[in-house]
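Chemist: dropping a prediction and its sequence here:
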Amino acid sequence: MSDQPPASAEIPDVPVLRALGNRRSIRYFDASRTVERWKIETMLQAARFSSCQGNINCTEAIIVTKDSEYWEDLEECVSGFNVQIINQASHLIIWLTNLNAWYGRAVDGISSLSIAGAMAKYHGWNYEFSMTQTIPRLMSFPTERTENLLRFETGQAVANAMTAGVGLGVGNILIAFGRKPGGVEKTFGLPPHYRFTWGHAVGYPLEGADAGGQRPRLKFEKLFHDNAYGTPFQSDPDTVEMLKEKGLIQPQAPLPGRIQEMERIAADHGRDPGVLYFPEREIERLMADEDWDFDEGWRERARDVLASQDLPDYPDEMRETFKQLMAEHGIDASKFLPAEE
Ligand SMILES: Cc1cc2nc3c(=O)[nH]c(=O)nc-3n(C[C@H](O)[C@H](O)[C@H](O)COP(=O)(O)O)c2cc1C
(Lines give C-alpha, C1' and ligand atoms only; values in the text may rest on other atoms or scores of the structure.)
Protein backbone atom coordinates (compact mmCIF):
# COMPACT_ATOMS: atom_id res chain seq x y z
CA MET A 1 0.00 0.00 0.00
CA SER A 2 1.23 3.45 -0.88
CA ASP A 3 1.94 5.71 2.07
CA GLN A 4 1.30 8.73 -0.10
CA PRO A 5 -1.75 10.71 0.94
CA PRO A 6 -4.27 11.42 -1.80
CA ALA A 7 -4.59 14.98 -3.07
CA SER A 8 -6.49 16.94 -0.42
CA ALA A 9 -9.34 17.59 -2.87
CA GLU A 10 -9.97 13.84 -3.06
CA ILE A 11 -10.57 13.50 0.67
CA PRO A 12 -14.25 14.04 1.49
CA ASP A 13 -14.86 16.81 4.01
CA VAL A 14 -16.95 15.70 6.95
CA PRO A 15 -18.41 18.57 8.98
CA VAL A 16 -17.31 18.41 12.60
CA LEU A 17 -20.84 18.00 14.02
CA ARG A 18 -21.39 15.02 11.75
CA ALA A 19 -18.00 13.49 12.61
CA LEU A 20 -18.84 13.81 16.31
CA GLY A 21 -22.24 12.19 15.68
CA ASN A 22 -20.72 9.41 13.57
CA ARG A 23 -18.35 8.30 16.30
CA ARG A 24 -18.99 4.91 17.84
CA SER A 25 -16.92 2.54 19.87
CA ILE A 26 -16.17 0.00 17.18
CA ARG A 27 -15.76 -3.54 18.56
CA TYR A 28 -15.43 -5.52 15.33
CA PHE A 29 -12.59 -4.56 13.00
CA ASP A 30 -11.80 -5.91 9.56
CA ALA A 31 -8.50 -7.70 10.22
CA SER A 32 -7.68 -7.77 6.51
CA ARG A 33 -7.48 -4.00 6.20
CA THR A 34 -4.67 -1.71 7.30
CA VAL A 35 -5.32 1.92 8.04
CA GLU A 36 -3.16 4.08 5.79
CA ARG A 37 -0.20 5.70 7.45
CA TRP A 38 -1.35 9.18 6.40
CA LYS A 39 -4.62 8.63 8.24
CA ILE A 40 -2.79 7.59 11.38
CA GLU A 41 -0.60 10.66 11.05
CA THR A 42 -3.67 12.83 10.57
CA MET A 43 -5.12 11.51 13.82
CA LEU A 44 -1.86 12.16 15.65
CA GLN A 45 -1.61 15.64 14.19
CA ALA A 46 -5.12 16.32 15.45
CA ALA A 47 -3.98 15.18 18.90
CA ARG A 48 -0.91 17.41 18.71
CA PHE A 49 -3.05 20.48 18.09
CA SER A 50 -5.47 19.86 20.94
CA SER A 51 -5.29 22.46 23.69
CA CYS A 52 -2.63 21.97 26.35
CA GLN A 53 -1.91 24.01 29.45
CA GLY A 54 0.95 26.46 29.00
CA ASN A 55 1.74 24.75 25.70
CA ILE A 56 3.69 22.07 27.50
CA ASN A 57 2.89 19.23 25.06
CA CYS A 58 2.54 16.44 27.62
CA THR A 59 0.76 13.93 25.40
CA GLU A 60 2.79 11.37 23.49
CA ALA A 61 1.89 8.04 21.92
CA ILE A 62 3.43 4.80 20.73
CA ILE A 63 1.78 3.43 17.60
CA VAL A 64 1.94 -0.34 17.54
CA THR A 65 1.06 -2.95 14.93
CA LYS A 66 0.83 -6.72 15.27
CA ASP A 67 4.31 -7.26 13.85
CA SER A 68 5.77 -5.36 16.80
CA GLU A 69 8.09 -7.29 19.08
CA TYR A 70 5.96 -6.00 21.96
CA TRP A 71 2.62 -7.33 20.70
CA GLU A 72 2.47 -10.50 22.78
CA ASP A 73 3.35 -8.63 25.94
CA LEU A 74 0.65 -6.07 25.22
CA GLU A 75 -1.88 -8.82 24.57
CA GLU A 76 -1.22 -10.12 28.05
CA CYS A 77 -1.93 -6.72 29.57
CA VAL A 78 -5.18 -5.97 27.79
CA SER A 79 -8.45 -6.81 29.58
CA GLY A 80 -9.89 -10.15 28.47
CA PHE A 81 -12.88 -8.67 26.62
CA ASN A 82 -10.51 -6.53 24.54
CA VAL A 83 -8.18 -9.24 23.24
CA GLN A 84 -10.36 -10.02 20.18
CA ILE A 85 -10.63 -6.31 19.47
CA ILE A 86 -6.91 -5.55 19.39
CA ASN A 87 -6.19 -8.61 17.29
CA GLN A 88 -8.61 -7.50 14.60
CA ALA A 89 -7.54 -3.86 14.75
CA SER A 90 -5.06 -2.34 12.35
CA HIS A 91 -3.14 -0.24 14.88
CA LEU A 92 -3.02 0.16 18.61
CA ILE A 93 -2.23 3.62 19.91
CA ILE A 94 -0.73 3.64 23.37
CA TRP A 95 -1.41 7.13 24.72
CA LEU A 96 1.14 8.42 27.19
CA THR A 97 1.27 11.38 29.53
CA ASN A 98 4.69 12.84 30.24
CA LEU A 99 4.61 14.38 33.72
CA ASN A 100 7.99 16.00 33.26
CA ALA A 101 6.47 18.20 30.58
CA TRP A 102 4.80 20.07 33.44
CA TYR A 103 7.99 20.53 35.41
CA GLY A 104 10.45 20.83 32.57
CA ARG A 105 8.65 22.66 29.80
CA ALA A 106 6.54 25.31 31.49
CA VAL A 107 9.03 28.13 30.82
CA ASP A 108 9.54 27.29 27.16
CA GLY A 109 5.87 26.52 26.66
CA ILE A 110 4.76 29.93 27.90
CA SER A 111 7.67 31.67 26.15
CA SER A 112 6.64 30.01 22.88
CA LEU A 113 3.12 31.33 23.37
CA SER A 114 4.31 34.84 24.10
CA ILE A 115 6.30 35.00 20.87
CA ALA A 116 3.32 33.49 19.04
CA GLY A 117 1.12 36.39 20.06
CA ALA A 118 -1.03 34.44 22.49
CA MET A 119 -0.14 36.10 25.82
CA ALA A 120 -0.46 39.77 26.61
CA LYS A 121 -0.11 42.28 29.40
CA TYR A 122 -3.80 42.92 28.71
CA HIS A 123 -4.59 39.73 30.68
CA GLY A 124 -2.13 40.47 33.44
CA TRP A 125 0.85 38.50 32.15
CA ASN A 126 4.21 39.92 33.06
CA TYR A 127 7.59 38.27 32.87
CA GLU A 128 8.81 38.83 36.37
CA PHE A 129 5.56 37.70 38.00
CA SER A 130 5.47 34.62 35.77
CA MET A 131 9.02 33.62 36.71
CA THR A 132 8.88 34.42 40.40
CA GLN A 133 5.26 33.46 41.15
CA THR A 134 3.18 31.67 38.53
CA ILE A 135 5.60 29.15 37.09
CA PRO A 136 7.30 28.24 40.39
CA ARG A 137 3.88 27.75 41.98
CA LEU A 138 2.76 25.46 39.16
CA MET A 139 6.02 23.57 39.27
CA SER A 140 5.66 23.02 43.01
CA PHE A 141 2.56 20.84 42.50
CA PRO A 142 2.98 17.29 43.77
CA THR A 143 3.08 14.74 40.98
CA GLU A 144 -0.40 13.37 41.86
CA ARG A 145 -1.94 16.77 41.18
CA THR A 146 0.07 17.23 38.01
CA GLU A 147 -0.97 13.79 36.90
CA ASN A 148 -4.66 14.65 37.27
CA LEU A 149 -4.25 17.82 35.27
CA LEU A 150 -2.21 16.28 32.51
CA ARG A 151 -4.24 13.15 32.06
CA PHE A 152 -7.23 15.37 31.38
CA GLU A 153 -5.21 16.94 28.57
CA THR A 154 -4.29 13.58 27.15
CA GLY A 155 -8.00 12.79 27.10
CA GLN A 156 -8.59 15.89 25.01
CA ALA A 157 -5.85 14.91 22.60
CA VAL A 158 -7.29 11.42 22.22
CA ALA A 159 -10.77 12.81 21.56
CA ASN A 160 -9.32 15.01 18.82
CA ALA A 161 -7.56 12.02 17.27
CA MET A 162 -10.74 9.95 17.35
CA THR A 163 -12.80 12.69 15.74
CA ALA A 164 -10.21 13.12 13.00
CA GLY A 165 -10.20 9.36 12.45
CA VAL A 166 -13.99 9.22 12.22
CA GLY A 167 -13.85 12.03 9.66
CA LEU A 168 -11.60 9.80 7.55
CA GLY A 169 -13.76 6.69 7.94
CA VAL A 170 -11.53 5.07 10.56
CA GLY A 171 -13.14 3.16 13.45
CA ASN A 172 -11.94 3.67 17.03
CA ILE A 173 -12.34 2.29 20.50
CA LEU A 174 -10.65 3.04 23.79
CA ILE A 175 -9.68 -0.11 25.59
CA ALA A 176 -8.69 -0.90 29.13
CA PHE A 177 -5.44 -2.65 29.97
CA GLY A 178 -6.63 -3.90 33.32
CA ARG A 179 -5.08 -7.34 33.39
CA LYS A 180 -1.54 -6.38 34.30
CA PRO A 181 -1.28 -3.05 36.10
CA GLY A 182 2.02 -1.43 35.17
CA GLY A 183 2.46 -3.93 32.35
CA VAL A 184 2.45 -1.42 29.51
CA GLU A 185 5.03 0.81 31.16
CA LYS A 186 7.19 -2.26 31.73
CA THR A 187 6.75 -3.58 28.20
CA PHE A 188 8.10 -0.39 26.70
CA GLY A 189 10.58 0.35 29.46
CA LEU A 190 9.06 3.77 30.02
CA PRO A 191 10.89 6.22 32.28
CA PRO A 192 9.10 6.69 35.62
CA HIS A 193 7.73 10.13 34.77
CA TYR A 194 5.58 8.64 32.00
CA ARG A 195 2.04 7.45 32.62
CA PHE A 196 0.25 5.07 30.32
CA THR A 197 -3.10 6.83 30.01
CA TRP A 198 -5.16 4.73 27.62
CA GLY A 199 -5.10 2.21 24.82
CA HIS A 200 -6.86 3.06 21.58
CA ALA A 201 -7.56 0.49 18.88
CA VAL A 202 -7.93 1.76 15.34
CA GLY A 203 -9.09 0.01 12.19
CA TYR A 204 -11.71 -0.26 9.50
CA PRO A 205 -15.03 -1.44 10.94
CA LEU A 206 -16.15 -4.94 10.09
CA GLU A 207 -19.55 -4.00 11.47
CA GLY A 208 -21.46 -1.15 9.86
CA ALA A 209 -19.69 2.13 10.63
CA ASP A 210 -22.81 3.20 12.56
CA ALA A 211 -22.34 0.11 14.79
CA GLY A 212 -26.11 -0.34 14.89
CA GLY A 213 -26.96 3.20 15.97
CA GLN A 214 -25.95 5.86 18.45
CA ARG A 215 -25.70 4.44 21.94
CA PRO A 216 -28.21 5.73 24.51
CA ARG A 217 -27.22 8.28 27.11
CA LEU A 218 -28.80 9.90 30.13
CA LYS A 219 -31.26 12.67 29.37
CA PHE A 220 -29.64 16.01 28.53
CA GLU A 221 -31.30 17.75 31.48
CA LYS A 222 -29.93 15.14 33.88
CA LEU A 223 -26.39 16.06 32.91
CA PHE A 224 -26.29 19.80 32.39
CA HIS A 225 -27.14 22.51 34.87
CA ASP A 226 -28.25 26.05 34.13
CA ASN A 227 -26.41 28.58 36.27
CA ALA A 228 -26.92 26.54 39.42
CA TYR A 229 -26.42 22.93 40.33
CA GLY A 230 -29.72 21.09 40.15
CA THR A 231 -31.37 23.53 37.73
CA PRO A 232 -31.62 21.58 34.48
CA PHE A 233 -30.26 23.23 31.35
CA GLN A 234 -33.32 22.64 29.18
CA SER A 235 -32.84 21.05 25.80
CA ASP A 236 -34.69 22.89 23.02
CA PRO A 237 -36.64 20.63 20.60
CA ASP A 238 -35.78 22.92 17.67
CA THR A 239 -32.07 22.62 18.47
CA VAL A 240 -32.42 18.84 18.70
CA GLU A 241 -34.17 18.81 15.31
CA MET A 242 -31.40 20.93 13.79
CA LEU A 243 -28.72 18.65 15.31
CA LYS A 244 -30.44 15.61 13.83
CA GLU A 245 -30.26 17.25 10.42
CA LYS A 246 -26.58 18.08 10.99
CA GLY A 247 -25.85 14.51 12.05
CA LEU A 248 -24.70 15.13 15.63
CA ILE A 249 -27.77 13.35 16.99
CA GLN A 250 -28.41 10.12 15.14
CA PRO A 251 -30.95 7.28 15.34
CA GLN A 252 -30.52 5.39 18.59
CA ALA A 253 -29.22 1.85 18.85
CA PRO A 254 -30.17 -0.86 18.23
CA LEU A 255 -31.18 -0.19 14.64
CA PRO A 256 -33.11 -2.98 12.90
CA GLY A 257 -30.79 -5.84 11.95
CA ARG A 258 -28.13 -4.99 14.55
CA ILE A 259 -28.43 -8.15 16.61
CA GLN A 260 -28.41 -10.27 13.42
CA GLU A 261 -25.26 -8.41 12.34
CA MET A 262 -23.55 -9.35 15.61
CA GLU A 263 -24.66 -12.97 15.24
CA ARG A 264 -23.41 -13.06 11.65
CA ILE A 265 -19.97 -11.72 12.56
CA ALA A 266 -19.69 -14.24 15.41
CA ALA A 267 -20.65 -17.11 13.09
CA ASP A 268 -18.14 -15.95 10.42
CA HIS A 269 -15.36 -16.01 13.03
CA GLY A 270 -16.33 -19.22 14.78
CA ARG A 271 -17.03 -17.35 18.01
CA ASP A 272 -19.89 -17.83 20.46
CA PRO A 273 -23.13 -16.25 19.26
CA GLY A 274 -25.33 -14.28 21.62
CA VAL A 275 -25.10 -10.98 23.44
CA LEU A 276 -24.76 -9.97 27.06
CA TYR A 277 -28.00 -10.02 29.04
CA PHE A 278 -28.89 -8.81 32.51
CA PRO A 279 -31.63 -10.26 34.77
CA GLU A 280 -35.28 -9.46 34.11
CA ARG A 281 -35.64 -7.23 37.15
CA GLU A 282 -32.59 -5.19 36.13
CA ILE A 283 -33.90 -4.63 32.62
CA GLU A 284 -37.33 -3.66 33.89
CA ARG A 285 -35.82 -1.26 36.38
CA LEU A 286 -33.71 0.36 33.67
CA MET A 287 -36.71 0.70 31.35
CA ALA A 288 -38.61 2.53 34.09
CA ASP A 289 -35.69 4.80 35.01
CA GLU A 290 -36.60 8.42 34.29
CA ASP A 291 -32.97 9.52 34.00
CA TRP A 292 -32.29 7.61 30.79
CA ASP A 293 -33.11 8.79 27.29
CA PHE A 294 -34.37 5.60 25.63
CA ASP A 295 -36.27 5.78 22.40
CA GLU A 296 -38.94 3.39 21.15
CA GLY A 297 -36.50 1.13 19.26
CA TRP A 298 -34.45 0.51 22.40
CA ARG A 299 -37.62 -0.16 24.43
CA GLU A 300 -38.96 -2.54 21.84
CA ARG A 301 -35.70 -4.49 21.93
CA ALA A 302 -35.82 -4.56 25.75
CA ARG A 303 -39.39 -5.90 25.65
CA ASP A 304 -38.36 -8.48 23.10
CA VAL A 305 -35.41 -9.59 25.25
CA LEU A 306 -37.69 -9.89 28.29
CA ALA A 307 -40.18 -11.96 26.33
CA SER A 308 -37.86 -14.24 24.43
CA GLN A 309 -34.57 -14.75 26.25
CA ASP A 310 -33.43 -17.01 28.98
CA LEU A 311 -32.15 -14.32 31.33
CA PRO A 312 -29.64 -14.91 34.10
CA ASP A 313 -30.42 -14.72 37.81
CA TYR A 314 -28.88 -12.10 40.02
CA PRO A 315 -25.75 -13.65 41.52
CA ASP A 316 -26.77 -13.68 45.15
CA GLU A 317 -23.22 -13.55 46.41
CA MET A 318 -22.95 -10.06 44.90
CA ARG A 319 -25.68 -8.66 47.12
CA GLU A 320 -23.37 -8.00 50.07
CA THR A 321 -20.54 -6.73 47.87
CA PHE A 322 -22.77 -4.20 46.14
CA LYS A 323 -24.44 -3.14 49.39
CA GLN A 324 -21.03 -2.45 50.85
CA LEU A 325 -19.78 -0.61 47.78
CA MET A 326 -22.89 1.56 47.60
CA ALA A 327 -22.61 2.36 51.31
CA GLU A 328 -18.99 3.42 50.80
CA HIS A 329 -20.14 5.91 48.18
CA GLY A 330 -23.18 7.04 50.13
CA ILE A 331 -25.61 5.69 47.52
CA ASP A 332 -28.95 4.14 48.46
CA ALA A 333 -28.47 0.62 47.18
CA SER A 334 -32.09 -0.48 47.40
CA LYS A 335 -32.94 0.28 43.78
CA PHE A 336 -29.94 -1.65 42.49
CA LEU A 337 -30.43 -4.81 44.50
CA PRO A 338 -33.05 -7.50 44.06
CA ALA A 339 -35.60 -7.79 46.87
CA GLU A 340 -34.44 -10.00 49.70
CA GLU A 341 -36.04 -13.44 49.33
C1 LIG B 1 -11.92 5.85 28.79
C2 LIG B 1 -12.74 4.79 28.10
C3 LIG B 1 -12.39 3.46 28.22
C4 LIG B 1 -13.11 2.46 27.59
N5 LIG B 1 -12.72 1.16 27.70
C6 LIG B 1 -13.39 0.20 27.02
C7 LIG B 1 -12.95 -1.15 27.04
O8 LIG B 1 -11.98 -1.48 27.71
N9 LIG B 1 -13.62 -2.07 26.29
C10 LIG B 1 -14.71 -1.75 25.56
O11 LIG B 1 -15.27 -2.63 24.90
N12 LIG B 1 -15.17 -0.46 25.51
C13 LIG B 1 -14.52 0.51 26.21
N14 LIG B 1 -14.92 1.82 26.14
C15 LIG B 1 -16.04 2.15 25.27
C16 LIG B 1 -17.31 2.47 26.05
O17 LIG B 1 -17.79 1.31 26.66
C18 LIG B 1 -18.28 3.10 25.06
O19 LIG B 1 -17.97 4.45 25.02
C20 LIG B 1 -19.73 2.84 25.34
O21 LIG B 1 -19.97 1.54 24.92
C22 LIG B 1 -20.62 3.82 24.62
O23 LIG B 1 -20.55 3.62 23.23
P24 LIG B 1 -20.07 4.67 22.20
O25 LIG B 1 -18.64 5.01 22.49
O26 LIG B 1 -20.24 3.98 20.88
O27 LIG B 1 -20.95 5.88 22.31
C28 LIG B 1 -14.23 2.82 26.80
C29 LIG B 1 -14.60 4.18 26.70
C30 LIG B 1 -13.86 5.13 27.34
C31 LIG B 1 -14.28 6.59 27.20
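Modeler: That came through, no problem. This one's a predicted model, so the numbers in the text were calculated from it and none came from an experiment.

Chemist: need the pLDDT of the residue in the stretch 1-150 of the chain positioned nearest to the ligand.
Modeler: Relative to the ligand, the nearest point of the stretch 1-150 of the chain is residue 25 (3.5 Å; Cβ to the nearest ligand atom). Where you see a C-beta, it was placed from the backbone N, CA and C, and this is true even at glycine. In this prediction, residue 25 carries a pLDDT score of 98.

Chemist: check residue 322 too.
Modeler: For residue 322, the pLDDT comes out at 85.

Chemist: the helix or strand hosting it: which residues count as buried?
Modeler: Take DSSP states H and E as the rule and residue 322 turns out to sit in helix 318-328. Neighbour counts using 16 or more other Cβ atoms under 10 Å place residue 326 of helix 318-328 among the buried residues.

Chemist: check the offset of that helix from the chain's centre.
Modeler: The chain centroid and the centroid of helix 318-328 are separated by 27 Å, computed with Cα atoms, centre = their mean, to the nearest Å.

Chemist: which other residues reach it?
Modeler: Applying Cβ atoms under 8 Å, 6 or more residues apart in numbering, the external contacts of helix 318-328 come out as 332-333, 336-338.

Chemist: and for the closest residue in space to residue 259 that isn't next to it in sequence, the neighbour number?
Modeler: Of all residues not flanking residue 259 in the chain, residue 275 sits nearest, at 6.6 Å (Cβ to Cβ, 6 or more residues apart in numbering). For residue 275, the neighbour count with other Cβ atoms under 10 Å is 12.

Chemist: what of residue 192?
Modeler: Residue 192: 9 neighbours (other Cβ under 10 Å).

Chemist: what about it, distance to the ligand?
Modeler: Relative to the ligand, residue 192 is positioned 23 Å away (criterion: Cβ to the nearest ligand atom, to the nearest Å).

Chemist: that residue is in what secondary structure piece?
Modeler: Using DSSP H and E, no helix or strand contains residue 192.

Chemist: for residue 100, see how far away it is.
Modeler: Relative to residue 100, residue 192 is positioned 10 Å away (criterion: Cβ to Cβ, to the nearest Å).

Chemist: residue 206 now?
Modeler: 40 Å.

Chemist: wait, is residue 259 part of a strand?
Modeler: No. The assignment for residue 259 (DSSP: H, G, I helix; E, B strand; the rest coil) gives helix, which keeps it out of a strand.

Chemist: that one touches residue 277, doesn't it?
Modeler: No. The criterion here is Cβ atoms under 8 Å, and residue 259 misses it with residue 277 at 11.5 Å.

Chemist: got the residues of the stretch 151-300 of the chain near the ligand?
Modeler: When proximity is defined by Cβ under 6 Å from any ligand atom, the stretch 151-300 of the chain lies next to the ligand at 173-176, 198, 215.

Chemist: looking at residue 259 and residue 277, which has the bigger crowd around it?
Modeler: Counting neighbours by other Cβ under 10 Å for residue 259 and for residue 277 shows that residue 259 has the greater number, 17 against 14.

Chemist: quick one on the thing from earlier: list just the nearest of the residues of the stretch 151-300 of the chain next to the ligand to residue 52.
Modeler: Within the set of those, residue 198 lies nearest residue 52; the separation is 16.4 Å, counting by Cβ to Cβ.

Chemist: check the secondary structure at residue 84 for me.
Modeler: helix.

Chemist: now residue 81
Modeler: Residue 81 ends up helix, using three-state DSSP.

Chemist: number of nearby residues for it?
Modeler: Neighbourhood size, residue 81 [other Cβ under 10 Å]: 12.

Chemist: also residue 315?
Modeler: Applying other Cβ under 10 Å, we find 10 other residues in the vicinity of residue 315.

Chemist: can you pull the phi and psi angles for it?
Modeler: Note on residue 315: backbone dihedrals following degrees, to the nearest 10 are phi -70, psi 110.

Chemist: thinking again about what came up before, just the buried residues of the residues of the stretch 151-300 of the chain next to the ligand.
Modeler: By the neighbour-count criterion of 16+ other Cβ under 10 Å, those include these buried positions: 173-175, 198.

Chemist: among these, which ones are in helices?
Modeler: The subset of these located in helices under the criterion DSSP state H is empty.

Chemist: looking at the contacts of helix 318-328, spot the one nearest residue 81.
Modeler: Minimum separation from residue 81 among those (Cβ to Cβ) is found for residue 336, which lies at 22.2 Å.

Chemist: run a quick neighbour tally on the closest one.
Modeler: Other residues within reach of residue 336 by the criterion other Cβ under 10 Å amount to 14.

Chemist: do you know how far it is from the ligand?
Modeler: Residue 336 is 19 Å from the ligand, where distance means Cβ to the nearest ligand atom.

Chemist: and that residue, what is it in contact with?
Modeler: Contacts for residue 336 were tallied using Cβ under 8 Å, 6+ apart; they are 322, 326.

Chemist: could you do residue 263 as well?
Modeler: Residue 263 makes contact with 273-274, according to Cβ under 8 Å, 6+ apart.

Chemist: and it, that one's in a helix?
Modeler: Yes. Residue 263: assigned to a helix according to three-state DSSP.
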